[in-house]
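**Q** model this:
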Amino acid sequence: MHAKDILIDGFGRVREEVHAAVDGLGPDALNARPGPDANSVAWLVWHLTRVQDDHVADAFGLDQVWLSQGWEKRLDLNLPRRDTGYGHTSAKVAEVRVDSGDLLTGYHDAVHEQTLGALRTVAAKDLERVIDEGWDPPVTLGVRLVSVLSDDLQHVGQAAYVRGLLQSTHS
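**A** Model prediction:
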């Protein structure tokens, strides 16, 4: 098995978990925050997708799906165009509100497809290519992809947890 196959499998698992976290939730549940400063399912899924979109596009020299495919306009959030959610205050988290889980999964699916397309082009030697010299040690493509995958898995796990909290309080 090639490393890219492992990455493709990993990002596929993120996609499955994104759909599971969002499936069947209406706007109230998607946007609910279990505490005054907690993140909602909508924010968590939007954020993990924005980070994947931003980082994969940058690593492969692609346009972000958020901008190139019009997802910024479809979700119509009151945030800067290139915002990914890093460092969001509670007030900024509150700006991420959606009327439908289909918007979140649609955006995630579009990013997933771009990610898969990029990963299919990867040769083993490509994973060693330095893509960010702003770190010590410099970040390679392989390290960046694993970092994004790790971040995605953490946030989708949080989204599933928030979903579970909301469902247990409404049972």
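
**Q** From here on, just use CA atoms for contacts and neighbour counts.
**A** Noted.

**Q** Give the residue spans of the protein that score low on pLDDT.
**A** 170-171 (pLDDT under 70).

**Q** Which helix or strand contains the closest residue to residue 90 other than its chain neighbours?
**A** Of all residues beyond its chain neighbours, the one nearest residue 90 is residue 37 (5.3 Å), with distances taken as C-alpha to C-alpha, 6 or more residues apart in numbering. Assessed by DSSP states H and E, residue 37 sits outside every helix and strand.

**Q** now residue 37: how far from residue 107?
**A** From residue 37 across to residue 107, the span is 25 Å (C-alpha to C-alpha, to the nearest Å).

**Q** More neighbours: these two, which one.
**A** residue 107 (24 against 12; other C-alpha atoms under 10 Å).

**Q** Show the contacting residues for that one.
**A** By C-alpha atoms under 8 Å, 6 or more residues apart in numbering, the contact list for residue 107 reads 49, 65, 66, 71.

**Q** Also residue 125?
**A** Here residue 125 is in contact with no residue (C-alpha under 8 Å, 6+ apart).

**Q** Around the spatially closest residue to residue 41 that is not a sequence neighbour, how many other residues sit close by?
**A** Once flanking residues are discounted, residue 41 sits nearest to residue 159: 4.8 Å by C-alpha to C-alpha, 6+ apart. By other C-alpha under 10 Å, the residues close to residue 159 number 25.

**Q** what about residue 131, which SS state?
**A** Three-state call for residue 131 (DSSP: H, G, I helix; E, B strand; the rest coil): strand.

**Q** mind checking how far the nearest residue to it once chain neighbours are set aside is from residue 146?
**A** Sequence neighbours aside, residue 140 is the residue nearest to residue 131 in space, at 5.4 Å (criterion: C-alpha to C-alpha, 6+ apart). Separation of residue 140 from residue 146 (C-alpha to C-alpha): 10 Å.
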